[in-house]
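S.K.: Just the structure for this:
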Amino acid sequence: MGCNSFLLAIAIFSVPFGKLSGKFGLKKSFLLGLATFVCFSVIASMSLSTEMLVIVRFFQGLGASIINITTLAIVTEALPPQERGKGIGLTISGVYVGLTLSPVLGGLLTNYSAGEAYFYL
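M.R.: So this is what the prediction gives:
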């Protein structure tokens, strides 16, 4: 359920924040999104109930939507036209490498920090 609220927030807020980031500036918007995401990540780690986690994940998704929108816009603005494809490709590759490795690394960290370290292949 928490994942659904996160993805729902990204879907809802991507277009409005795309418009607002153009109006207020990409750097300010990116920093606002990053601060929002980090703040609600810390709060999510201290959730007291499932309901609280679902709500916090929604607000975390709000920050993630700002980051997603502004990152590609910043890359597009920062690079000359002949280098944009490479820059966007590297950015998206980094995102998907992170999405691929994070469950594995999270599982390893959880396994080895839980006191009894059992590793099953």
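
S.K.: can you pull the contacts of the spatially most central residue of the chain?
M.R.: Central residue of the chain (C-alpha atoms, centre = their mean): Ala64, 4.1 Å from the mean position. Ala64 makes contact with 6, 9-10, 33, 37 under the criterion C-beta atoms under 8 Å, 6 or more residues apart in numbering. Every C-beta, even on glycine, is put in place using the N, C-alpha and C of the backbone.

S.K.: Can you list the buried residues in stretch 69-85?
M.R.: For stretch 69-85, a neighbour-count test (16 or more other C-beta atoms under 10 Å) marks 69-75 as buried.

S.K.: what's the span of that stretch, first residue to last?
M.R.: Distance between the two ends of stretch 69-85: 17 Å, counting by C-alpha to C-alpha, to the nearest Å.

S.K.: can you check stretch 37-52 too?
M.R.: 16 Å.

S.K.: Many thanks, we can stop here.
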